[in-house]
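> mind looking at a prediction? Sequence and model below.
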2 protein chains.
Amino acid sequence: MAKLSGFPEYLPSERIVEQQVLDHLRRTFELHGFANIETRAVEPVAELLRKGEIDKEVYAVRRLQAEGDSEKDQLALHFDLTVPFARYVVENSNDLDFPFRRYQIQKVWRGERPQQGRFREFTQADIDIVGRDSLPFHADVEVAQVMAEALAGLPVPPLTLQVNNRKVLEGFYLGVGATDPAAVMQVVDKLDKLPGDTIIELLRSDAGLTADQAAQCVAVAQICTPDASFVGQVRALGVEHPLLDEGLEELRQVIEGATAPEGVTVTADLRIARGLDYYTGTVFETRMAGYEHLGSICSGGRYDQLARDNRSTYPGVGISLGVSRLLAPLFADGLRADRSVPSAVLVALPNEESRSASDAVAQALRARGIATEVAPKPQKFGQQIRHAERRGIPFVWFPDTGEVKDIRSGEQKAADPATWTPPVDDLQPRLVTPTTEETTP
Amino acid sequence: MAKLSGFPEYLPSERIVEQQVLDHLRRTFELHGFANIETRAVEPVAELLRKGEIDKEVYAVRRLQAEGDSEKDQLALHFDLTVPFARYVVENSNDLDFPFRRYQIQKVWRGERPQQGRFREFTQADIDIVGRDSLPFHADVEVAQVMAEALAGLPVPPLTLQVNNRKVLEGFYLGVGATDPAAVMQVVDKLDKLPGDTIIELLRSDAGLTADQAAQCVAVAQICTPDASFVGQVRALGVEHPLLDEGLEELRQVIEGATAPEGVTVTADLRIARGLDYYTGTVFETRMAGYEHLGSICSGGRYDQLARDNRSTYPGVGISLGVSRLLAPLFADGLRADRSVPSAVLVALPNEESRSASDAVAQALRARGIATEVAPKPQKFGQQIRHAERRGIPFVWFPDTGEVKDIRSGEQKAADPATWTPPVDDLQPRLVTPTTEETTP
C-alpha cells in the first residue's frame, strides 16, 4: 500500500513531539482562560464557497450510496477553523457569553497539490476572541500576547511575530493621495516576490500613483521595528490622515502590550498586509528563523464582522497556528522523542508464574504517575533489556531481586516500588534532534 | 443555519466534560505504556470496502474540482480506527517494535441515518496490542485490564465489561454435535432480540440442531458469572471438546486477570458473540447501567489476523470505546462542567490605566498554574462580578485593594498573587449533574 501524498502520518516518536507541542499550546491557552471547542469536520458546501477563491481546494463529502441526498445538502470538509467558528458562534449565540474567548485545535483539509510544507490534511491551533456588536481593542493585544507566549514554549527555532494594522496602510495611502487604497495594498503585498522597481511601476500602472506617491508607499512598507519607534519613522515620511493616526495608535498598543517571551520577537512590520483576507485592522504573520521559505506559520488579524445574524454582528480577532506546517520541516531535520512509548520503566518478567508480582510492581509505580509496562514474555533478561532499549525506555525493574537498572548508565540498585521515582527529566519522553544528540553523548 | 443531524457539537461546558474524559483515558493508557498514534481521516475506498457489509455507510471524499482524479483513487472517511490501524501497522512495520501497544483517539464517520445514540461523526478511543507473527495470550488480559481501569475513572453510571471467547462457543457447539458452529453463533447472537422459544426453533431450522442440542446451546449462553465459576457451570452441561477446553482456560485467565476497579464489573458472559465481526478468541462488550438501550458502548476482541503483508501476519487484540455514544445520553440528562471556561480567577479591571497592574496579577497566578483571565472592560465591579458568575468563575481578584472574593460565599480577603492558591477542587472545572446540583445547594 502506498502512502497518500499530502496526508502525513507520524511514527510514535514523532507523535510524542506533536502531543507535547499541542499540550503546551492547550496549557497556555487555558491558563489565559480560553475555552476549547471543536466543530464538526463538515460544512455545507454553499457555506464554504462564500469565500470564493478557494473553491477548487475543497473536499466534497457524500455518502457512497447517496441517491436520496439532494445537491443543495452537499457537504465538504472544512478548510480552516475560522469559517466553522463563525457559524458556531451564530448558531449558539444564545448559549455563549461574550466576549467569547475560545481555542480550537483540529485537523483541516485542502485539496491542494501537495508540495513542501503544504498538506492536504493538517492540524491548526486557533485562538479567537469574539464580541457581540462590539469588542474592546484590547482583545487584539491579548491574542498577540497569548500566542507569543504559546509560541515561546515550543521546541522550534526563534520566531518573529510580525504585526501590522490595515488602518496604518490604508490611512497612509489615503494620506499620500491614493484614490484606491485596496489596489495599492494588493501591489505592496507582492514586495516579497517582486523587485522594488517593479512594485513602483505596478503602483503607477495599476494603482494610479505618481512616482513620488509610489516611493512613499514602498518606503512605509520597509519600516520594521521591535518597539514603538515605528511611529516616529512613519511620521518622518510627512504623511497625515486620521485613519493613519488611529492605526498607529492601535499598532503601538499591540507592540507595547505583547511582551515578547524568550524565543519570540514581536515586531511592527509595515510590509505585512495579508492582501487576500478580509481583515479590518490588526494583522499578524509569523516567520521561523532558518525556515523563511515556509512563509507565515501563524497568521491572523481583526475582523470587524467575523459573523452576523439578523440581530447582531460579531466582531472578532484571532490567530491561527499551522502546527503541521511548523513541525514537518523539524521532523524532516530529525526532531524526535527519545522514546517511542510513554513508559519510563519496563518491569521484567522472570517467568510466567511471577507475572502477578511484576504486575504489582507496575501498578505501584503507575499509582504514583510513573508510566510503566511489563515485559510481554519471560525471555532472557538480556532480551528484555533490549526490548526496553529499542523503545528508549530508560529503566528496567527486576522484581525477583527488587532492583532497578538505568540501562543507559548500567547502574543497578535496590529500590522499593512504593517510593522509587525516576529523575524528573525521565518521567516523560524528551525531545532530541541530531544536534542535541551529538552534544549529549 | 440549521444544525446538521448526526454531527453533534458541544457547548464549552460540555466540551470540558469531554476533555476531562479524554484526558483520563489518555492518562490511563499512557501510564500503561501505550503509545499514541493518529491516522489520516481518509482511506482508499477499495480498502474500506473489504469489510463488505458497511458500504452504504461510507462517506466518499472528492476534490470539488476533481476532473483529473481517477475513480480508483477515490477516498472515503474512515468509519472506525481498526482498519486504518491495520494499514498503518503494515505500512510502518519496519519502524515499529512488536508487540506494538497503541492507543488512538479520533473522530470517525458513518453515513447512517441518525437516531438516538447514533451519530454520523463521533469520537472513538481504541487500544490495541499487535504482534508480528505471534502475540502472547496475555495481551488479551492486558487490554481488558487497561480498559477496565480507564472506564472505572469516568463520570458515568456503573459499567459491566462482558467477556466471552469464541473458542468456548465454537468448541461447545462442536461438542454438542453441531456441524455448522458459525450458523449456531449467528442465531444465538439474537438472544437479546428474540424469545428463547424462537431461538430454539431457529437453531433447529437454520443450524440443523436437535431440540436437545438447541437447548444446550441456549443454556450455555445463559451462563454469566463475575468470577471463574462459569467454568464449573459449563462443565456441568456435560459437553466435551478440546477447543472448548482451550476457550475456557483463556476466558478464565481474562476474568481472573482483569481485576475490576470500583465502578466496573467484569463478567464472563457467554451470551456475547459479536456475530458479525471476525474475532477468533476473546470478545468484549460493555453495558452501562440504566442505559442498556444504547447497546454495547465499548467492544472488541482478538483477531488472529488483524493485518498481513507478504512476509508476516499481525495478530492483534483490542477494545474500542464509543466516547460520543457514552457521553451523549449523559449530556442529555444534564451532565455539565460547572464553568464554561478554564479560568479559576477573574482579575477585575478598575480602569483602563490600571490594566498592566491587573495583567501582572494574572501572570503571577498563571505562573503557578492557576487559569486566570482579566476583565475585558473597566465596568462597574458589580458587572465584572456578573461576568465571572455567568461563566462559573469562582474567584474575582481586586488589584486595587489586593483582595480576592469567593463569589459563591461572598467571602473576601487580602491575598498575595505570588502565594495565594484556590482550594484544589476549584483549580479545574468540576462536573455536575442536575442531581448533584440539588444536593450541593
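That came in fine, so what should we check first?
> what residue ranges in the stretch 51-200 of chain A score low on pLDDT?
A:51-56, A:65-73, A:114-117 (pLDDT under 70).
> could you pick out the residues of it near chain B for me?
Within the stretch 51-200 of chain A, the positions near chain B by Cβ under 8 Å from any Cβ of the partner chain are A:55-66, A:75-77, A:87-88, A:90-92, A:95-97, A:99, A:101-102, A:107, A:109, A:111, A:121, A:136, A:138-139. In short, each C-beta sits where N, CA and C put it, glycine included.
> now list the buried members of those residues.
A:57-64, A:75-77, A:87-88, A:90-92, A:96-97, A:99, A:101-102, A:107, A:109, A:111, A:121, A:136, A:138-139 (16 or more other Cβ atoms under 10 Å in any protein chain shown).
> mind checking which of those residues are in helices?
A:Arg87, A:Tyr88, A:Val90, A:Glu91, A:His138, A:Ala139 (DSSP state H).
> can you name the residues that contact the second one?
By that I understand A:Tyr88. By Cβ atoms under 8 Å, 6 or more residues apart in numbering or on different chains, the residues touching A:Tyr88 are A:Ile37, A:Thr39, B:Glu9.
> quick check, nearest of the residues you listed to B:Arg132?
Nearest to B:Arg132, judged by Cβ to Cβ, of the contacts of A:Tyr88 is A:Thr39 at 39.3 Å.
> what helix or strand is the closest residue to the closest one other than its chain neighbours on?
Closest residue to A:Thr39 apart from its sequence neighbours, by Cβ to Cβ, 6 or more residues apart in numbering or on different chains: A:Pro84 at 3.9 Å. A:Pro84 belongs to helix A:82-91 when assigned by DSSP states H and E.
> and that helix, how far from the chain's centre?
19 Å (Cα atoms, centre = their mean, to the nearest Å).
> kindly report the same for stretch A:380-394.
In terms of Cα atoms, centre = their mean, the centre of stretch A:380-394 is found 36 Å from the chain centre.
> could you dump it to CSV, C-alpha only?
Output of stretch A:380-394 as CSV, limited to C-alpha atoms (Å, rounded to 0.1, in the frame of the first residue of the first chain):
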residue,chain,number,x,y,z
LYS,A,380,16.1,-14.0,28.9
PHE,A,381,16.8,-10.7,30.8
GLY,A,382,19.2,-9.6,28.0
GLN,A,383,16.4,-9.8,25.5
GLN,A,384,14.0,-8.0,27.9
ILE,A,385,16.6,-5.2,28.3
ARG,A,386,16.9,-5.0,24.5
HIS,A,387,13.1,-4.8,24.4
ALA,A,388,13.4,-1.6,26.6
GLU,A,389,16.4,-0.3,24.6
ARG,A,390,14.6,-0.5,21.3
ARG,A,391,11.8,1.7,22.7
GLY,A,392,14.0,4.1,24.5
ILE,A,393,12.6,3.0,28.0
PRO,A,394,15.4,4.2,30.4
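> so where does the residue nearest to the spatial centre of chain A fall, helix or strand?
The centre of chain A sits closest to A:Leu321, judged by Cα atoms, centre = their mean, with a distance of 2.4 Å. In the assignment (DSSP H and E), A:Leu321 maps to strand A:313-322.
> got the angle between that strand and helix A:82-91?
Strand A:313-322 runs at 150 degrees relative to helix A:82-91, counting by axes from the mean of the first three to the mean of the last three Cα atoms, to 10 degrees.
> and chain B, is strand A:313-322 touching that?
No: interface with chain B: strand A:313-322 contributes nothing (Cβ under 8 Å from any Cβ), its closest point being 12.0 Å away.
> run me through the strand neighbours of that strand, direction for each.
Strand A:313-322 has its sheet partners listed here by DSSP bridges as strand A:121-130 (antiparallel), strand A:298-308 (antiparallel).
> report the buried residues of that strand.
A:Thr313, A:Tyr314, A:Pro315, A:Gly316, A:Val317, A:Gly318, A:Ile319, A:Ser320, A:Leu321, A:Gly322.
> I figured the second one was touching A:Val89, is that so?
I take that to be A:Tyr314. Yes: the pair A:Tyr314 / A:Val89 is scored as a contact, 5.5 Å apart, by Cβ atoms under 8 Å.
> identify the contacts common to the two.
A:Val130, A:Leu306, A:Ala307.
> excluding its backbone neighbours, what's nearest the second one?
It stands for A:Leu306. A:Gly316 (3.4 Å).
> residues contacting that neighbour?
For A:Gly316, the contacting residues are A:Ala86, A:Asp128, A:Ile129, A:Val130, A:Gly131, A:Leu135, A:Arg302, A:Tyr303, A:Leu306, A:Ala307, by Cβ under 8 Å, 6+ apart.
> of those residues, just the buried ones, ChimeraX syntax please.
Buried residues within those, by 16+ other Cβ under 10 Å, are selected in ChimeraX with:
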select /A:86,128,129,130,131,135,302,303,306,307
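> any idea how far the residue in the stretch 1-150 of chain A that chain B sits nearest to lies from A:Arg26?
At 3.2 Å from chain B, A:Gly33 is the closest residue in the stretch 1-150 of chain A, using Cβ to the nearest Cβ. According to Cβ to Cβ, to the nearest Å, A:Gly33 stands 13 Å off from A:Arg26.
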